[in-house]
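# turn this into a model:
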Amino acid sequence: MAIASPIIAKVMPELLKSISVPGMSISVPDTTSKDALDQFIKNISQIALLIMVFVVAGVISDEKNKKTLEIVMTKPVSREKFILSKFISSFLIIAVVFVAASAIFYVYTASVFTALNLANFAIIVFSVLLYILMIVSVTILASTIVKNSIVAGGVGFVGVIVFGTIFGLFEGLKQFSPSWIFSNYQLVAANGWSSDLVYPIVINTCVISVSVIIAIMLFKRQEIDR
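Model prediction:
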């Protein structure tokens, strides 16, 4: 994803130019780092985000099915710490992988095109990562409630649809959309920090916090199957 995005942005116009159609001339503008960024964000929203959802979908539900929770709960580990460890470990792994991929994309894009503004790109990476962690937190909450990882993944997928599209259907809610960055990343890439980022950041942070709290409360009340 990190390397493919600038490559696709670079190669695609050349492929279109090579297409020969009698009586038709194809004019394709030169690609830039903006086109690479378009491809990068598109890959995240359409592919990477859904992969992450289904990767974490079984983080708790699978342990219920494998009956390993009883073993874990016999150790001096509280249920609260167990749930927190699942959230924190998932967040850390995803954050490290995403930041690394973003860094690779930035360096490779700079070698192929002109470099993006580093500070502005960092704001985009932070905002996108926070949205991803929000969706992941909802998915882990679902994994706490149900015993089927497919169902938990389905809840995460629905979360992507709800948080990614519902707000955009109403003009008055667009500024509150948790996925605001996916529609306005080029604005941030060009101008840097925007006050419009405040609402999405606050909402994503609140959803993450509420998901963790609810997951802990529910897990404390659940009976562990033997």
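# following the lowest-mean-pLDDT helix or strand in the chain, which helix or strand shows up next?
Taking mean pLDDT, DSSP states H and E as the measure, the chain has helix 4-18 as its least confident helix or strand, at a mean of 51. The helix or strand immediately downstream of helix 4-18 is helix 33-43, counting by DSSP states H and E.
# same question for that next one: list its buried residues.
For helix 33-43, burial by neighbour count (16 or more other CB atoms under 10 Å) applies to 33-41, 43. From N, CA and C alone the C-beta is placed, and that goes for glycine too.
# the helix or strand following that helix to helix 33-43, inter-axis angle?
On the C-terminal side of helix 33-43, the nearest following helix or strand under DSSP H and E is helix 49-56. Put simply, helix 49-56 runs at 40 degrees to helix 33-43, going by axes from the mean of the first three to the mean of the last three CA atoms, to 10 degrees.
# hmm, back to that, in a markdown table, list the buried residues of helix 33-43 along with distance to residue 133 and pLDDT.
Output for the buried residues of helix 33-43, formatted as a markdown table (distance: CB to CB, whole Å; pLDDT from 0 to 100):
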| residue | distance to residue 133 | pLDDT |
| --- | --- | --- |
| 33 | 26 | 85 |
| 34 | 26 | 87 |
| 35 | 27 | 84 |
| 36 | 24 | 86 |
| 37 | 21 | 91 |
| 38 | 23 | 90 |
| 39 | 23 | 88 |
| 40 | 18 | 91 |
| 41 | 17 | 92 |
| 43 | 18 | 89 |
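# which of these lies closest to residue 142?
Using CB to CB, residue 43 is the member of those that sits closest to residue 142, with 24.6 Å.
# could you count how many residues lie near residue 169?
By other CB atoms under 10 Å, 9 other residues sit near residue 169.
# and the longest helix for the protein?
With secondary structure taken from DSSP state H, the chain has its longest helix at helix 79-112.
# for that one, which residues meet the burial criterion?
Of the residues in helix 79-112, 79, 82-83, 86-87, 90-91, 94, 98, 101-102, 105-106, 108-109 count as buried by neighbour count, 16+ other CB under 10 Å.
# check which helix or strand the residue nearest the centre of the chain maps to.
Compute the mean C-alpha point of the chain, and by CA atoms, centre = their mean the closest residue is residue 132, 2.7 Å away. Secondary structure from DSSP H and E places residue 132 in helix 118-145.
# counting contacts, what elements does that helix pack onto?
Helix 118-145 makes packing contacts with helix 33-43, helix 49-56, helix 79-112, helix 149-161, helix 180-191, helix 198-221 when contacts are defined by 3 or more CB pairs under 8 Å, 6 or more residues apart in numbering; DSSP states H and E.
# who are the neighbours in contact with residue 145?
By CB atoms under 8 Å, 6 or more residues apart in numbering, the residues touching residue 145 are 152, 218.
# look up how far residue 61 lies from it.
9 Å (CB to CB, to the nearest Å).
# what touches both of the two?
With CB under 8 Å, 6+ apart, residue 145 and residue 61 have common neighbours residue 152.
# shaky segments in the chain?
1-30, 69-74, 224-226 (pLDDT under 70).
# again, 50 this time
Within the chain, the segments meeting pLDDT under 50 span 2, 7, 9, 15-17, 20.
# in this structure residue 109 contacts residue 35, no?
No. At 9.8 Å, residue 109 and residue 35 do not qualify as touching, with contact defined as CB atoms under 8 Å.
# run a quick neighbour tally on residue 206.
A total of 12 residues lie near residue 206 under the criterion other CB under 10 Å.
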